[in-house]
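Asks: structural data only, the sequence is not supplied:
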C-alpha cells in the first residue's frame, strides 16, 4: 500500500498543473464517454455516476460533461475509444499496471513499450503482473481531519474492509461494490477525502532505495504524461526520508 500512497500523494501535487493544461479534463471526458456506453442514466450506471462526480469535483463545465455523455450514448458523433490494460516491470523489479484508453491500440502499445524501455523498465506479457493487484475502493483521509476511532467506526459500519494508518493519512479499503456507500458515509459526516477512487491495490510492495526510487518516480511521471494513459498502478514503496530527498533533488 505504501507505494500507492506515495504515488497518490505525488499526483495530488500535480493536480493543479494537470487541470491547467487540460490533461485532467481529457481523462475525465474519456471516462464519461466510455461509462455512458453502458447507459446514460447515472442512477442505473455506477461507473457513470462516479465519472460525473469526478467531473464535478474538477469543476468541469456542465456543457462539456453533457456532450461527453452524449458521445458515449451515441446521441453525438465521437471517437471510438478502446479500453485495455498493459503490464510491465519498473526499476527494482516493481510491477506496473497501466490502464489505457486509446483510439489506436497498436500505436499506443508501441509508445508505452518505448517509454518503458527507455526509462529502466520493460513491457510484460498479459497476466505477468496483474495477479499481484486486487481491484478495491480506496479513500484517503488526511490525519487531523478526523479522529482515528471515529473514522474507523464510520467506515466499517458503511461496509469498508479495512483501514490502514501511516504517518500522514488514513487509507480506507473497500470492496468495489461498497465504495459508493463508504464514500457517501464520509460525505454525510462532512469528512473530506483527498483521494477517492476504485483502483488496483498491490498485495505486496517492493521497497526502493534512492537511485531506483528516483528512476521509478521519473518513469511514473513520463507514463502519466502519455495521452492515452488513464491510470497507473505500481507496487513500489519509497521510505519517507528517501521520498523527501528525491523531491528536494527534483527541485
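Replies: Arrived safely, thanks for sending. Just so it is clear, the model here is predicted, and its values are computed rather than measured. Numbering: from 1, shown residues only.
Asks: let me know the outermost residue of the protein.
Replies: residue 75 (28.8 Å; Cα atoms, centre = their mean).
Asks: how far away is the closest residue to it other than its chain neighbours from residue 62?
Replies: Among residues not flanking residue 75 along the chain, residue 40 sits closest, at 7.8 Å (Cβ to Cβ, 6 or more residues apart in numbering). The C-beta positions use only the backbone N, C-alpha and C, and glycine is treated the same way. Applying Cβ to Cβ, to the nearest Å, the value for residue 40 to residue 62 is 15 Å.
Asks: over to residue 75?
Replies: Using Cβ to Cβ, residue 75 is found at 16 Å from residue 62.
Asks: kindly report the same for residue 238.
Replies: Noted for residue 238: a distance of 39 Å to residue 62, by Cβ to Cβ.
Asks: could you check which of the two is surrounded by more residues?
Replies: Neighbours were counted for residue 238 and for residue 62 using other Cβ atoms under 10 Å; residue 238 has more, 27 against 9.
Asks: now the closest residue to that one other than its chain neighbours: which helix or strand?
Replies: Closest residue to residue 238 apart from its sequence neighbours, by Cβ to Cβ, 6+ apart: residue 213 at 4.6 Å. Residue 213 belongs to helix 210-224 when assigned by DSSP states H and E.
Asks: packing partners for that helix?
Replies: The contact analysis (3 or more Cβ pairs under 8 Å, 6 or more residues apart in numbering; DSSP states H and E) places helix 210-224 against helix 2-20, strand 95-102, helix 105-118, strand 229-234, helix 240-250.
Asks: could you redo the last one with a cut-off of 7 Å?
Replies: strand 229-234, helix 240-250 (3 or more Cβ pairs under 7 Å, 6 or more residues apart in numbering; DSSP states H and E).
Asks: on the three-state scheme, residue 85 is what?
Replies: Here residue 85 is recorded as strand under DSSP: H, G, I helix; E, B strand; the rest coil.
Asks: that one and residue 99 touch, don't they?
Replies: Yes: under the criterion of Cβ atoms under 7 Å, residue 85 makes contact with residue 99 at 5.7 Å.
Asks: picking up where we left off before, looking at the helices and strands packed on helix 210-224, which is buried most?
Replies: When these are scored by mean count of other Cβ atoms under 10 Å, the highest mean neighbour count falls to strand 229-234 (a mean of 22).
Asks: which residues touch the closest residue to residue 127 other than its chain neighbours?
Replies: Nearest residue to residue 127, sequence neighbours excluded (Cβ to Cβ, 6+ apart): residue 87, at 7.4 Å. Residues near residue 87 by Cβ atoms under 7 Å, 6 or more residues apart in numbering: 96-97, 124, 126, 128-130.
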